[in-house]
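Colleague: From the sequence below, what's the structure:
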Amino acid sequence: MTILLVEDSPDDVFFMKRALNKSGATVSIQVAEDGQAAIDYLSGVGQFANRAEFPLPVLVLLDLRMPRVPGFEVLRWLRARDEFDCVPVLVFSSSREESDMKKAYALRANSFLVKTGDSSQFVGLVRTMAEYWLNYNEVPRSCIETQAE
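Modeller: From the prediction side, this is the model:
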């Protein structure tokens, strides 16, 4: 299983990888450092053309504030494509702005999680997120077959 982490902060990437490791989740984590890299990864173009090396994710963790292409535009792009209908997109942001939350849900984000600076709370948040989305969330067989193609 692969998670695509769309995050431009090296510190946040480090803490997310560490928290996922501590959560016991057995996943491969691919990182896109900005919104354009996320779109390229999901499209399988350029350096991401090799699907064996860069498999489609079962989950996308998406920051909102990024260079080149912001998170909202990545979410809009994703939800405009039928092949990604079954891929959960979790916004992982430091924003607590009501307008950001409303916009994320209007663009069909599956969840909006607020980053915390407290490491034990962050690990707990990531553990709960991974437990639910990777272990309990059910995906239609047709979606799994589409991803395998």
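
Colleague: Lowest average confidence across helices and strands of the chain, where is it?
Modeller: The helix or strand of the chain with the lowest confidence, counting by mean pLDDT, DSSP states H and E, is helix 141-148 at a mean of 61.

Colleague: Off-centre distance for the host helix or strand of F112?
Modeller: Remark: F112 resides in strand 111-114, with elements defined by DSSP states H and E. Between the centre of strand 111-114 and the centre of its chain there are 11 Å (CA atoms, centre = their mean, to the nearest Å).

Colleague: Can you tell me which helices and strands that strand packs against?
Modeller: Applying 3 or more CB pairs under 8 Å, 6 or more residues apart in numbering; DSSP states H and E, we find strand 111-114 packed against strand 89-93, helix 98-106, helix 119-130. To be clear about C-beta, it is placed using only N, CA and C from the backbone, and glycine gets the same treatment.

Colleague: Deepest-packed of those, please.
Modeller: Burial among the helices and strands packed on strand 111-114, expressed as mean neighbours by mean count of other CB atoms under 10 Å, is greatest for strand 89-93, which shows a mean of 22.

Colleague: quick one, that one and helix 119-130 angle?
Modeller: Strand 89-93 runs at 170 degrees relative to helix 119-130, counting by axes from the mean of the first three to the mean of the last three CA atoms, to 10 degrees.

Colleague: Could you report the neighbour count for the closest residue to E73 other than its chain neighbours?
Modeller: Leaving aside its sequence neighbours, E73 sits nearest to G35 (CB to CB, 6 or more residues apart in numbering; 5.9 Å). Counted with other CB atoms under 10 Å, residues neighbouring G35 total 24.

Colleague: Likewise for S94?
Modeller: Considering only other CB under 10 Å, S94 is surrounded by 15 other residues.
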